[in-house]
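Student: 3D, please:
(one chain, ligands or ions: 2)
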Amino acid sequence: MPEIASGQSTESIDRAVALLNAGHLIGLPTETVYGLAADADNPEAVAAIFTAKGRPADHPLIVHLGADDLLSAYATDIPDAAWALAEAFWPGPLTLILKKAPSVPDIVTGGQDTVGIRIPGHPVALTLLRALAESRRQAGKSGGGLAAPSANRFGRISPTSAQHVADELGDAVALILDGGDCRVGIESTIVDLSRGAPVILRPGAISAEQLSLVLGEPIGSKDSVAKDVPRVSGSLASHYAPQTPLQVVDTVTIKDALQGPDRCAAIVRMGVDLEASLLQRPDVIVLADQPAAYAHAFYRVLRELDARGYARILVQALPEGTDWLAVQDRLGRAAHRD
Ligand code: TXA
Ligand code: MG
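Tutor: Ligands and ions are numbered 1, 2, ... in the order given. Below is the predicted model of the structure:
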């Protein structure tokens, strides 16, 4: 199994920098989910990400930076809207799709002329990214960005702890930096700024309302624009699925299933109308009735239930409001079966 080392220690950070500079992969904690990181300027190292994940080679990766002074090394024609969003939300759970700089390897962008960039809001990620950039500067070289998708095998649930990364990827990763449980728990909001009016490609903790406020105009989402949108692997319908069949149902269905012949598990929200005797069962997980707290726990709970071999996982339907949109999106994908 790969080594899990505390992201707090200077020695671990130094080792991670040395491994990355030598073309190896590391497990990177961020505030959203854990990433599988490689030197963004080393095409062979980035190729190893695709092998480790079993991810199709035309799916683009996000480049993570430690500070926005590196932005122009990876992106070009950066619009004012990008600087405004960067100022408001970075470091944080927001990815911007921009025109790529010529030096960004094709393997990072899946051959597209755009690149996804984010400055993550996690102290370990920032310390590592800044140490990496500094090591380049001292060696008289450019770079310092890390290409990193979520550190799960393709199509599986994103990891929100260092142990999840080890369970997903095993020895494909040289070292996993432990940064604790991810605060946000679902992937970043993705905003495309590369083709005119800003568009949300993937909902996340940063909402359309928050983005609109900074942009000074309403922002649309992918569903409200025509089909000509870039490929987003996270937008495949079956992405993020557990192996156990998952269904979104009402409380009555949950009650019946828990008392029926199949071994089912249920995820409900606080305040659900179920008897105390049901709520106390180990196969019934009660999550917060609030989107951020729900998102924080959702992938971890799915992963734990998935490992217990239930016939089905039943999830109480979520409220309709826009504040639940990002969680709705992940739940919808987890429920989808091809
Ligand atoms: O929170 C996150 O975004 C996490 C952490 C590790 O930063 N990363 C993450 O990466 O979720 P990944 O690869 O699992 O998902 C990134 C998404 C993919 O759906 C990819 O298609 C999309 O970003 N993406 C990356 N570059 C793109 C581009 N140039 N155009 C359109 N979509 C892009
Ligand atoms: Mg992913």
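Student: Ligand 1 contacts on the stretch 51-200 of the chain?
Tutor: Taking CB under 6 Å from any ligand atom, the part of the stretch 51-200 of the chain that reaches ligand 1 is made up of 59-62, 95, 97, 109, 112, 114-116, 118, 120, 148-150, 187-188, 190. (Each C-beta comes from the backbone N, C-alpha and C, glycine too.)
Student: Of those residues, which belong to helices?
Tutor: For these, the ones inside helices are Thr109, with DSSP state H as the criterion.
Student: In contact with the spatially most central residue of the chain: list those residues for me.
Tutor: Residue closest to the mean C-alpha point of the chain, counted by CA atoms, centre = their mean, is Glu187 at 2.8 Å. The neighbours of Glu187, taking CB atoms under 8 Å, 6 or more residues apart in numbering as the test, are Thr32, Val33, Pro93, Ser150, Ser158, Arg202, Gly204, Gly234.
Student: One more: Ser135?
Tutor: Contacts here follow CB under 8 Å, 6+ apart; on that basis Ser135 touches Val17, Asn21.
Student: quick one: it is in a helix?
Tutor: Yes. The assignment for Ser135 (DSSP: H, G, I helix; E, B strand; the rest coil) places it in a helix.
Student: What pLDDT is listed against it?
Tutor: Model confidence at Ser135, expressed as pLDDT, equals 98.
Student: The one 4 residues further on now?
Tutor: Confidence at Ala139, expressed as pLDDT, is 96.
Student: Low-confidence regions, this protein specifically.
Tutor: Applying pLDDT under 70 to the chain flags the ranges 224-239, 337-338.
Student: Please indicate which of the residues of the stretch 51-200 of the chain next to ligand 1 are buried?
Tutor: Buried residues within these, counting neighbours by 16 or more other CB atoms under 10 Å: 59-62, 95, 97, 109, 112, 114-116, 118, 120, 148-150, 187-188, 190.
Student: Checking Leu177 next. Helix, strand or coil?
Tutor: Recorded secondary structure, Leu177: strand (three-state DSSP).
Student: beta partners of it?
Tutor: Beta-bridge pairing of Leu177 under DSSP bridges involves Ala5.
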